[in-house]
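Engineer: Turn this into a model:
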Amino acid sequence: MSDKNSFLDYLWIVARKRGLIFWSVFIAGIAAAGLSFMVPVWYQADTSIMPPVENDTGFALSSVLSNLPVGNIDLPGTEDGTGRFMAILESRRVMQRIAVAYRLQERYRLKNMEETIAFLQDNTNAELQEDNTIVLSVMMRTGWLPDKAARDEARLFVRDIADSFIRELDAVNRDLKVSEARNTRLFIEERHAKVLSDLSAAEEALRAYQEENGVIALPEQAAAAIATSAELKAQIITKEVELEYLKRNFSESHSEFARKKQELAALNAAYRRYRFGTGYTFDAGAEDNLSMHELPAQVLQYGRLFREVMLQEKILEFIIPQLEQAKIQEARDSPTVQVLDTAAVPEKKAKPKRVAVTVLAMFFAFVFCYAWALFSINLDRHREQNTASWRKWRSITNELKHGKE
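Structural biologist: Alright, predicted model coming up:
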């Protein structure tokens, strides 16, 4: 063989060591095929569920705020339903329930619950598809040297575990939603009690103001006050015209002139009191008239008190339906998971792939035998080309092997 090996050189090595290579590859293939029938067989069951419908069974504060006329509100902590499902499926809570229910620790002879949960997590996969459905895959294995009964039992076993994951998902999700509804109901009940208290205080404040200021219906009373003021001013102008007429045609000592002058003085005094004083009231049978001087402040204060009452009433009208809805959601016990495909009994094993295992074993056996043949041929060539050195090496090894004791 030349120093620069060609394809024919490598082919020559295979031909020269064909017996070793053939039998090694053959035995490795037989051993791998036989071993593949002895190792545990894994089966996989798949189930798929529909994406959750937002707020289909739950009740959250976001649903309350969405009814307010303030546009869309994004609350921190508001979660996506699909992400919630994924988190529940991968949670320790669900894993431990499954492990305990199916006695996985005893079945697979694991040391403790931590190792059992880790085993279940490694063989469970929840994947979100492009159509937003969730596909859950679970793999379980048989024991060593499985017979047909053991394989059939493993098929049913993995199917049952996959279906149990969906049941646990629904149970946990339902518990969480009931807890959320309970917390929301308690929050709304607290707000309901506060609104009732605030409404009662606002109504009492408005009533006290009405009693203190004689206000019953402020818009009507304000209109009456303006009309009264105008009427007084009109009477004053009329009296002034009459007085000017008497002054031109009669002397000021005339009895009618003196009477008109007294009436005009009385009207001016009444108008000043009504316009700038504390108020003016007509006879007892007439409607109370507000002071024009006090009217702006009274309108402002009355508007504030009336607005507070109306505000609390609106809040109460909004909270009462939400409180009833929260109570309904807390009492609901309907399924929260829509199963698209239930888990079926797997017909084919997931692993081991016997053909792949056998081919790989034969390939590695060929590579190893070829490397050994190449090393053996090169060693023979070196021994032929360096006889003296080889003899010294043999003498050293013999000396070490059969030296003096």
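Engineer: just the helices in the stretch 301-405 of the chain please.
Structural biologist: Secondary structure of the stretch 301-405 of the chain (DSSP state H, counting those that start in this stretch): helices at 354-385, 387-402.
Engineer: Could you identify which of those has the lowest mean pLDDT?
Structural biologist: With a mean of 69, helix 387-402 has the lowest mean pLDDT of those.
Engineer: Looking only at stretch 16-27, what residues are buried by neighbour count?
Structural biologist: By 16 or more other CB atoms under 10 Å, the buried positions in stretch 16-27 come out as 17, 21, 24, 25. In this view, the C-beta of every residue, glycine as well, is placed from N, C-alpha and C.
Engineer: any idea how far residue 345 lies from residue 169?
Structural biologist: Look at residue 345 and residue 169: by CB to CB, to the nearest Å, they are 21 Å apart.
Engineer: can you check residue 272 too?
Structural biologist: Going from residue 272 to residue 169 by CB to CB gives 82 Å.
Engineer: So the two - more neighbours on which side?
Structural biologist: Each of residue 272 and residue 169 has its neighbours counted (other CB atoms under 10 Å); residue 169 has more, 24 against 13.
Engineer: Look at that one and give its secondary structure.
Structural biologist: helix (DSSP: H, G, I helix; E, B strand; the rest coil).
Engineer: That one: what's it in contact with?
Structural biologist: Listed by CB atoms under 8 Å, 6 or more residues apart in numbering, the contact set of residue 169 reads 49, 85, 88, 89, 94, 337.
Engineer: please redo it, this time with the cut-off set to 7 Å
Structural biologist: The contact partners of residue 169, taken as CB atoms under 7 Å, 6 or more residues apart in numbering, are 85, 88, 89, 94, 337.
Engineer: Would you tell me which one of those comes nearest to residue 197?
Structural biologist: Nearest to residue 197 among the contacts of residue 169: residue 88, at 39.7 Å, using CB to CB.
Engineer: secondary structure element for the closest one?
Structural biologist: Using DSSP states H and E, residue 88 maps to helix 81-89.
Engineer: helices or strands up against that helix?
Structural biologist: Packing contacts for helix 81-89, counted by 3 or more CB pairs under 7 Å, 6 or more residues apart in numbering; DSSP states H and E, involve strand 124-128, strand 134-141, helix 148-213.
Engineer: who's in contact with it?
Structural biologist: Applying CB under 7 Å, 6+ apart, the external contacts of helix 81-89 come out as 51-52, 54, 94, 126, 128, 132, 134, 136, 165, 169, 172-173.
Engineer: and if you look at stretch 350-365?
Structural biologist: By CB under 7 Å, 6+ apart, the residues outside stretch 350-365 that reach it are 24-25, 28-29, 31-33, 36, 39, 42-44, 139.
Engineer: again, 6 Å this time
Structural biologist: By CB atoms under 6 Å, 6 or more residues apart in numbering, the residues outside stretch 350-365 that reach it are 24, 25, 28, 29, 32, 33, 36, 39, 42, 43, 44, 139.
Engineer: residues of that stretch that come out buried?
Structural biologist: Quick answer for stretch 350-365 (16+ other CB under 10 Å): 350, 351, 352, 354, 357, 358, 361, 362, 365.
Engineer: Equivalent analysis for stretch 110-120, please.
Structural biologist: 110, 116, 117, 119, 120.
Engineer: before we move on, which element is the fourth one in?
Structural biologist: Same thing as residue 119. Assigned by DSSP H and E, residue 119 belongs to helix 113-122.
Engineer: What's the mean pLDDT across that helix?
Structural biologist: Averaged over helix 113-122, pLDDT sits at 95.
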